[in-house]
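Trainee: Everything below, folded, please.
(chains A, B, C and D)
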Number of protein chains: 2
Amino acid sequence: MSQTQCTEEAGADAYDVFARACPSRGTLEHVTGRWGSLTLCALSGDTLRFNELRRRVDGVSEKMLSQTLHALERDGLVIRDAQPTNPPHVEYRLSPLGRAAAERLQALIDLVETRMPDVMASRESYDAARGTG
Amino acid sequence: MSQTQCTEEAGADAYDVFARACPSRGTLEHVTGRWGSLTLCALSGDTLRFNELRRRVDGVSEKMLSQTLHALERDGLVIRDAQPTNPPHVEYRLSPLGRAAAERLQALIDLVETRMPDVMASRESYDAARGTG
DNA sequence: CGGCATCCGTGACGATACTG
DNA sequence: CAGTATCGTCACGGATGCCG
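Mentor: Next comes the predicted model:
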């Protein structure tokens, strides 16, 4: 079946080429990606189970959450606690490194959110200029 | 021509649905995206011209750089100075907000880069565990 | 419940050609 | 040099189905 997509459990990106030149890029992508960032934020508050996480991260599919979690776990940002009970009980939490990353990320998010009015204003003038001119 | 892709100059993402619920997500994507982050970093040092930027941001295509720059400009993070000379001379630089964002971003990147050894180690154990059994 | 495999559509992205 | 228009690809990501 070779690798149709990211079936490769390792979570190898299609951008390995660049990752090779700059290994941190891949990790940065995991952290800052659409789902990665939201997952990190969700976990910065609590330890959560798979489906709790799924509810928190609005719009994420099971597949993407699983994929994101794997990438983050592999990078050592997220810790997976699986208790082999029945039904299975699995919890996800941040590692110290994950927590540090989440904090930096949160700083960025806070900035963007507080400055959102400016952004919206900028967007309007930009669109106006383009639409009118 | 409707919108084959992101031809829409406004830079409307395919994730408007989520953006509507949380407007900052779109901007966050622009800032943290593969090219957005690298562009912001490249510009945090200097004012650069289009092709200088292209050389700095390793692997970016003309199209993506243009697209990224537009998104960032629209969000008010990047300022475009175009002098209608011949040949055209266009410079890109960060706005104060863009600079603030770039700083936060850099903090995250620095963290990831300095902790890269940990990440690599984590990856190895993860892969070993999966590979071995 | 937690989570993997598969199929499949959409659109992000890269290469190219063209304009000013 | 700066940038847009077009086309092809293929990876991302959603829906579904199955297993422990």
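
Trainee: so the residue nearest in space to the middle of chain A is in which element?
Mentor: Centroid check for chain A by CA atoms, centre = their mean gives residue A:36 as the closest residue, at 0.4 Å. Applying DSSP states H and E as the criterion places residue A:36 in helix A:34-45.

Trainee: now the next helix or strand after that helix, how far from the chain's geometric center?
Mentor: Next along the chain after helix A:34-45, taking DSSP H and E as the criterion, comes strand A:48-49. Remark: strand A:48-49 is offset 15 Å from the chain centroid, using CA atoms, centre = their mean, to the nearest Å.

Trainee: helices or strands up against strand A:48-49?
Mentor: Packing contacts for strand A:48-49, counted by 3 or more CB pairs under 8 Å, 6 or more residues apart in numbering or on different chains; DSSP states H and E, involve strand A:89-94. All C-beta atoms are positioned from the backbone trio N, CA, C, and that covers glycine.

Trainee: Run the chain-centre distance for the strand it packs on.
Mentor: Offset of strand A:89-94 from its chain centre (CA atoms, centre = their mean): 16 Å.

Trainee: Could you pull out the buried residues of it?
Mentor: Using 16 or more other CB atoms under 10 Å in any protein chain shown as the test for burial, strand A:89-94 gives A:91, A:92, A:94.

Trainee: any chance you could map the helices in chain A?
Mentor: Counting by DSSP state H, one finds helices in chain A at the ranges A:16-21, A:24-32, A:34-45, A:50-56, A:62-74, A:96-114, A:116-132.

Trainee: For those helices, could you give me CSV that also reports distance to residue B:85 and mean pLDDT?
Mentor: What follows is these, written out as CSV (distance: least, CB to CB, whole Å; pLDDT from 0 to 100):
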stretch, distance to residue B:85, mean pLDDT
helix A:16-21, 34, 65
helix A:24-32, 36, 93
helix A:34-45, 40, 94
helix A:50-56, 52, 94
helix A:62-74, 47, 96
helix A:96-114, 35, 96
helix A:116-132, 21, 91
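
Trainee: closest one to DNA strand D among the ones you listed?
Mentor: Smallest distance to DNA strand D across the helices of chain A (CB to the nearest atom of the strand): 3.9 Å, for helix A:62-74.

Trainee: The closest one near DNA strand C anywhere?
Mentor: Yes: using CB under 7 Å from any atom of the strand, helix A:62-74 comes into contact with DNA strand C via A:62, A:63, A:66, A:69, A:70.

Trainee: Going by distance to residue B:78, which of the buried residues of strand A:89-94 wins?
Mentor: residue A:94 (32.1 Å; CB to CB).

Trainee: Tell me what that closest one is bridged to.
Mentor: residue A:78 (DSSP bridges).

Trainee: shouldn't it be in contact with residue A:80?
Mentor: No: Residue A:94 sits out of contact with residue A:80 when judged by CB atoms under 8 Å, with a separation of 11.3 Å.

Trainee: picking up where we left off before, among the residues of helix A:62-74 next to DNA strand C, which one has the most neighbours?
Mentor: Most neighbours among the residues of helix A:62-74 next to DNA strand C, by other CB atoms under 10 Å in any protein chain shown: residue A:69, with 21 neighbours.

Trainee: That one and residue B:49, how far apart?
Mentor: 41 Å (CB to CB, to the nearest Å).

Trainee: before we move on, the earlier item: let's have the buried residues of strand A:89-94 in CSV, adding distance to residue B:125 and pLDDT.
Mentor: Converted to CSV, those look like this (distance: CB to CB, whole Å; pLDDT from 0 to 100):
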residue, distance to residue B:125, pLDDT
A:91, 20, 97
A:92, 18, 97
A:94, 18, 98
